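**Q** kindly return the folded structure for what I paste below:
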Amino acid sequence: MLHGIGFTSIPLAVAMVVLAAVTNLFMGGASSKWLIMAPVFIPMFMQMGFSPEYTQVAYRIGDSTTNVITPLMTYFPIIASFAARYEEKNGPKIGIGTVISIMMPYTFFFLGGWIVMFIIWSMLNLPLGPGAAIML
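**A** Predicted structure coming up:
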């Protein structure tokens, strides 16, 4: 079906990045998200000719960039407590919403930058690592 509508190659991989980023906002653990997404996306990408490593790179970009703004992340309370400790001495009280709003521009900057680098890497067909090509 994806071949039929022309949704292949780089647009499909970028859609995977965005889906992983959005999913990360609602589900905290990286391994649990990958456990749900991998059985669907790895075979789908392999049928399109992409290696499983390429699928995981797309997932990891989306997952890593939104970690700092998801309250479900394991270390988010630690980040919020460090921010609150700093702000109590130097200004107004800081909470979860403030931490998320402060980190939002960084999230979008990193997500956009990683997607651009991912597209360039894909267009140049560079290997992902030793023995790990983009295409099967």
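**Q** show me what the helix or strand of the chain with the lowest mean pLDDT is packed up against.
**A** Within the chain, confidence by mean pLDDT, DSSP states H and E is lowest for helix 2-5 among all helices and strands, at a mean of 72. Using 3 or more Cβ pairs under 8 Å, 6 or more residues apart in numbering; DSSP states H and E, no helix or strand is in contact with helix 2-5. Backbone N, C-alpha and C define where each C-beta goes, glycine included.
**Q** what residues does it touch?
**A** Contact with helix 2-5 is made by 8, 12, 44, 48, as judged by Cβ atoms under 8 Å, 6 or more residues apart in numbering.
**Q** go on, stretch 74-84?
**A** Contacts of stretch 74-84 (Cβ under 8 Å, 6+ apart): 28-29, 68, 70, 93-96, 98-99, 102.
**Q** in the top helix by length along the chain, what counts as buried?
**A** Counting by DSSP state H, the longest helix found in the chain is helix 96-124. By neighbour count on 16 or more other Cβ atoms under 10 Å, the buried set for helix 96-124 is 99-100, 103, 107, 111, 114-115, 118, 122.
**Q** what packs against it?
**A** Identification of packing neighbours for helix 96-124 by 3+ Cβ pairs under 8 Å, 6+ apart yields helix 9-24, helix 52-65, helix 76-90.
**Q** can you put these in a markdown table and add mean neighbour count and mean pLDDT?
**A** Conversion of the helices and strands packed on helix 96-124 to a markdown table gives the following (neighbours: other Cβ atoms under 10 Å; pLDDT from 0 to 100):
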| stretch | mean neighbour count | mean pLDDT |
| --- | --- | --- |
| helix 9-24 | 18 | 90 |
| helix 52-65 | 21 | 93 |
| helix 76-90 | 13 | 77 |
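**Q** will you turn the ones you listed into a markdown table that also has distance to residue 128?
**A** As requested, these are arranged in a markdown table below (distance: least, Cβ to Cβ, whole Å):
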| stretch | distance to residue 128 |
| --- | --- |
| helix 9-24 | 12 |
| helix 52-65 | 5 |
| helix 76-90 | 29 |
